[in-house]
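K.L.:
Quick check, what structure comes out for this input:
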Amino acid sequence: MNDNSTLEEILSPFDIEDAGNFTEHEVSSALRKLVPKDSKEMAPEIMAEAMAFDFCENYRDDKTGWGTYFGPMYVSSNGDGTAMEAPSIKLVTPEMIKYWETRASKAKNPIIKARYAGLVFDFSKKITGEPPSFAIGKLYVESLVSIAEKKLYRYEYDGFIKLQRALSIAISYNSLELIERIKNATLKFDKEVSDDKKPGLWGHAFDLLVDNEKVNLDSKIEQELVDDLENKLTRTAENAEPSSSEAAAERLASYYERKGKTADVKRVLLKLGEAYAKAISSEASAMRASGWLEQLRRIYVQYGLKQEAEKILIQIRTLGDKVSAELKPIEFSQEFPAEKIKQYLNEILGGNLELIFQRIAATYIPNKEQIKQHIFDLSKQAPLQFIIGHQILDERGRAIASIGSLEKDPDGHLVRQVSQSLSISNFFMRLVLDEAIKRFDLKAENIIEFLSKSPVFSSDRISIIKRGIDFYFENDFVASIHILIPQIEDGLRNIVELAGGNVLKPARNGGFDLKLLDDLLRDSIVIEALGEDMILYFKVLLTDKRGWNMRHNVCHGLVGAHSFNQSAADRLIHVLLCLGLLRKKV
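P.N.:
Presented below is the predicted three-dimensional model:
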């Protein structure tokens, strides 16, 4: 062992009845003194104790697949599609469950007692096949409530987490006695920790108790909670504190909407608008002001305030140029040894041109599963950027799309990561294309010869495509991009027709329209022909607002001359090569 401390000596400073201001993680850190270097030498009780306080409470990452309230503190990729988790539920045994149950009955401190009882309550069914006893569930709930009642928590927000967990279990038991105790503790907790400037520390009593059919909430107390939010909204609006005003206004708007009080819904939202207006008037950053306005517009739209939302759009557009001026490029550099670059080029450019085109096409298609794993790894290394949301701005500084937290918007993060990976891999693709031009005197005719072997491209379109590729080799990227994007769309339409699919959809005024690029990329025939990786790639590059979105931006005149650059044109040549891989079944 690492020192001569005993288990009792480690736990005794924590396991005092009214001891507080510590976290379960601190208990875990102290217990590490008892963990031997060789885990095979660890006594069962030491393993049970060390694991108990390592589990993460209120775990929301579904990657473990446990389906439990507690989860691992740490997860990392093994690089082979599997992951290592610590602590792991796979190490929990029936004997460990029994050990924790005994410790829960003997422990004195509510934090310690709640952890043991909580693990038994949460894991019993999965590990032993038997549900936890009512006694252990009650002990767990009472310990959680005691933590809040006695203010034993280190951080105020933890008190709410304990009460929320306690209420959900008490309701599942339909225990009126426990529900009543939790209700009173929650009301008291909310008052004691409330601070107008810290919206995360209030409103929890309102969230948990109001309109909760399982809680007997007196109408007078309900009105007091509503009045408290009204007063907070008034104070925070006057003090230009938009985040706090929003926390109060959204709760009130939702409440009044459920009650059918539409006039009150509009009143509290307009009050929120006043809070944002005051904050914006004193805000020097146009980018921040634009973000606030977009958030306010979203709320107005959610509650049907269409005229007010339209007015905000005008304000956002007015701020666009100022936001654009505040945007700063992010640059990074990395050195690559000349020998490595030479080896890389030789690997891709070996053989005849047909093999080379096939290799280029395959090399620069993003791998969906690899990128998902990369996102997961990044989220563990730098979690903050995956917790907060992001906005996508156009070149005028206008928000055109948003990406939520990784938990709520995994697809958005996937698109964002693919988009970034394209920008990085473009450097290498450009090296390859430049070298191919030098070594093989590459011309449009060579690419056309490769594309002509694919049924994707109609014979009557080959000459148009050649014109676009000619412009590409002449560095006229404006002309090249404008020509090639529609031909790519036509090629995808041909895939559907060749397989006997439908490319028409009803038009508004009768007749039919052809399916456009976004519809085609959702067609099952195209998905089967191209595969998930290529479909994702095409969407990010051509149709997704969170990605490059080239088709939409070019065809609707949303980008300036700087967007018609070599990198964009390179990508379209690559898309043509990808489509050129398709052949008719013989």
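K.L.:
The residue positioned nearest the centre of the chain in helix, strand or coil?
P.N.:
Nearest to the centroid of the C-alpha atoms of the chain, with distances taken as CA atoms, centre = their mean, sits Leu406, at 1.5 Å. Secondary structure, DSSP: H, G, I helix; E, B strand; the rest coil: Leu406 is coil.
K.L.:
For it, give me the backbone phi and psi.
P.N.:
phi -60, psi -40 (degrees, to the nearest 10).
K.L.:
Identify the residues contacting it.
P.N.:
Residues in contact with Leu406, defined by CB atoms under 8 Å, 6 or more residues apart in numbering, are 375, 379, 386-387, 413. In short, each C-beta sits where N, CA and C put it, glycine included.
K.L.:
Widest-spaced pair of the residues you listed?
P.N.:
With CB to CB as the measure, no two of the contacts of Leu406 lie farther apart than Ile375 and Ile387, at 13.2 Å.
K.L.:
Give me the more crowded residue out of the two.
P.N.:
Neighbour totals were compared for Ile375 and Ile387, and Ile375 leads with 17 against 11 (other CB atoms under 10 Å).
K.L.:
mind giving me the domain split of the chain?
P.N.:
1-154, 218-328, 338-580 (automatic domain parsing).
K.L.:
Out of those, flag the one nearest Ala185.
P.N.:
When the domains of the chain are compared (using CB to CB), the closest one is domain 1-154, at 5.1 Å.
K.L.:
what about the closest one, distance to the chain center?
P.N.:
Offset of domain 1-154 from its chain centre (CA atoms, centre = their mean, to the nearest Å): 28 Å.
K.L.:
mind listing the strands in the protein by residue range?
P.N.:
74-77, 83-86, 390-393, 399-403, 504-506, 512-514 (DSSP state E).
K.L.:
Hmm, Ile448 is touching Ile469, no?
P.N.:
Yes: Ile448 sits in contact with Ile469 when judged by CB atoms under 8 Å, with a separation of 6.8 Å.
K.L.:
Settle it for me: which of those two has more neighbours?
P.N.:
The residue with more neighbours, out of Ile448 and Ile469 and counting by other CB under 10 Å, is Ile469; that gives 24 against 18.
K.L.:
Report the contact partners of that one.
P.N.:
Ile469 touches 444, 447-448, 480, 484, 573, 576, counting by CB under 8 Å, 6+ apart.
K.L.:
Now the helix of greatest length in the chain: buried residues?
P.N.:
Within the chain, and with DSSP state H defining each element, the longest helix by residue count is helix 410-440. When neighbours are counted by 16 or more other CB atoms under 10 Å, the buried residues of helix 410-440 are found to be 410, 412-419, 421-422, 425-426, 428-429, 432-433, 435-436.
K.L.:
what angle do it and strand 399-403 make?
P.N.:
For the pair helix 410-440 and strand 399-403, the angle between their directions (axes from the mean of the first three to the mean of the last three CA atoms, to 10 degrees) equals 110 degrees.
K.L.:
I'd like the mean pLDDT over helix 410-440, please.
P.N.:
In this model, helix 410-440 has a mean pLDDT of 93.
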